[in-house]
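# sequence and predicted structure below; questions after.
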Amino acid sequence: MTTTPVRIGLLGCGNVGAAFVQLVERRHDEIANRHQIDLQITRVAVRNLSRERAVDLDEAVLTHDADAVVHDPDIDLVVEVIGGIEPARHLTLSALKAGKPVISANKELLANLGAEIYEAAGDAGVDILFEAAVAGGIPLIRPLRESLAGEDIRRVVGIVNGTTNYVLSRMAEEHVSFGEALAEAQELGYAERDPTADVEGFDASAKAAIIASIAFGVQVVAGDVYREGIAELTPGDLSFAARLGYVVKLLAIAERFDTPDGAEVAVRVHPAMVPEHHPLAAVRESFNAVFVEGAAVGDLMFYGRGAGGDPTASAVLGDVIDAALNLTNGRASRLSRLSEATIRPIDDLRSEYYINMDLADRPGALATVAGVFGDHGVSIRAMEQEGMGAEARLVFITHGAVESAVQSTLAAVRDLEVVDRVGSVLRVVGGDDS
Ligand SMILES: NC(=O)C1=CN([C@@H]2O[C@H](COP(=O)(O)OP(=O)(O)OC[C@H]3O[C@@H](n4cnc5c(N)ncnc54)[C@H](OP(=O)(O)O)[C@@H]3O)[C@@H](O)[C@H]2O)C=CC1
Ligand SMILES: N[C@@H](CC=O)C(=O)O
């Protein structure tokens, strides 16, 4: 059997990089047999040469000079699993300009500077592939780019961050504290180097921007995404949601609307109450799931492990094989042209809302609050009172309402003397009216 050697320069050997090295070792012969390529991890760049690693690497392979790896004439293809903007940006651009395909798991880079990176790849006529950047091991980018290239995609809704899904599952199911659950997620290799990116929704926003760009063929950057994280959620919110028949999930939602002036795109990431019978409610721990709604294809669901070394390495390896085959055949897959997007702001979007508040123990308090909702055109679908007297806590679930109307309602309610405190406000997704 004749195989073509493909020499890989690996940038980063942490959770994903080390799992990738192990996976290539395990799958090498089978890949050679099936695809006639001989994958060789020739050089590996890391920050700290003396750090203990999950894989044994020859001293001659390991270096702290990532630029030298990219510019090494003996490297055919570059895998970037360092993360962050710099030095990942200049390393990626240098590799592409040198005519080397780049496989990236770096959603932060692609969601902020994707246009520059895609243009550099197009100019050089080489691949930039990034299946691992969104939803870990789940094949999502390639189906959106290729299988659904002709589809009119209307909406994508999903759980795209494994860390926060893990934390929310552990808090809701095992009553583990937020801090403990996050520490576990870090230990398991799910979290970003700075886990604030997960907890505050930045990681999910980056992924949502990439999804929206590919699904709708428009340029959406991380800053276009409305974002709320899970740090403000309390164990009480989760247990109260459960009592009402909901599960709290951090969702990424990308929607496309046709208007007389052209298409508008809305992309948001926020915690949401999902009815417990909805398939997203059953997505637990580090698993992710993404629903794609297309005009012709109808509904599709993608489900699998969204974080962790092995699943992510699997996505990286798939891209490596694709790029290696393209390289040996003198081809590259091109990203479709991305047009400018008109972003619809969160203020104009409709949702159902869950709102909890503490009322003063006064006659007519409830009627006063309900009157304010009515005055702002926000109608109440369900209302429950928990506790009595000074302990009374009121929970409202609204019918679908526009965000700006709900925010004005809340501002007016907060000013009422009969309201001691407005607590959590969560959007309800997957109900009859959303
Ligand atoms: N973990 C996951 O589940 C997933 C991660 N990703 C993405 O994959 C990428 C990597 O994630 P992960 O493996 O978890 O991160 P880690 O922090 O575990 O690994 C990062 C690696 O990059 C190396 N590195 C950092 N800076 C430099 C530098 N300047 N030059 C050379 N090497 C450098 C580090 O070196 P050293 O080891 O010496 O510190 C480390 O080996 C990120 O973009 C992340 O968002 C995507 C999907 C899932
Ligand atoms: N930190 C990320 C890793 C995968 O992208 C997550 O938790 O989803």
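Ah, there it is. Ligands and ions are numbered 1, 2, ... in the order given.
# what is the burial count for Asp56?
Counted with other C-beta atoms under 10 Å, residues neighbouring Asp56 total 7. Backbone N, C-alpha and C define where each C-beta goes, glycine included.
# next up, the contacts around Asn106.
Counting by C-beta atoms under 8 Å, 6 or more residues apart in numbering, Asn106 touches 80-84, 88, 92, 130, 133.
# what residues does the stretch 301-434 of the chain have near ligand 2?
306-307 (C-beta under 6 Å from any ligand atom).
# how about the residues of the stretch 1-150 of the chain by ligand 2?
Contact residues, the stretch 1-150 of the chain versus ligand 2 (C-beta under 6 Å from any ligand atom): Gly136.
# now with 8 Å, please.
Residues of the stretch 1-150 of the chain found near ligand 2, taking C-beta under 8 Å from any ligand atom as the criterion, are 105, 107, 132-136.
# and the stretch 51-200 of the chain, which residues reach ligand 1?
For the stretch 51-200 of the chain, the residues in contact with ligand 1 (C-beta under 8 Å from any ligand atom) are 51, 53, 64, 66, 80-84, 87-88, 91, 104-109, 132-133, 136, 162, 189-193, 197.
# looking at the residues you listed, which are in strands?
80, 104 (DSSP state E).
# list buried residues within the residues of the stretch 51-200 of the chain next to ligand 1.
Buried by 16 or more other C-beta atoms under 10 Å: 66, 80-83, 87-88, 91, 104-109, 132-133, 136, 162, 189-192, 197, out of those.
# just give the nearest non-adjacent residue to Leu168, would you?
Nearest residue to Leu168, sequence neighbours excluded (C-beta to C-beta, 6 or more residues apart in numbering): Val248, at 5.9 Å.
# that neighbour touches Phe240, doesn't it?
No: applying C-beta atoms under 8 Å as the test, Val248 and Phe240 come out as separate, 9.5 Å apart.
# tell me the contacts of Thr234?
So, once contact is read as C-beta under 8 Å, 6+ apart, Thr234 ends up touching Ser424.
# what residue in this structure is the furthest from its centre?
The outermost residue of the chain relative to its centre, with distances by C-alpha atoms, centre = their mean, is Pro363 at 46.5 Å.
# that residue: what secondary structure?
Three-state assignment for Pro363 (DSSP: H, G, I helix; E, B strand; the rest coil): coil.
# show me what contacts it?
Counting by C-beta under 8 Å, 6+ apart, there are no residues that Pro363 touches.
# so what pLDDT did it get?
Pro363 carries a pLDDT score of 86 in this model.
# tell me which helix or strand of the protein sits lowest on mean pLDDT?
In the chain, the helix or strand scored least confidently by mean pLDDT, DSSP states H and E is strand 380-386, which has a mean of 83.
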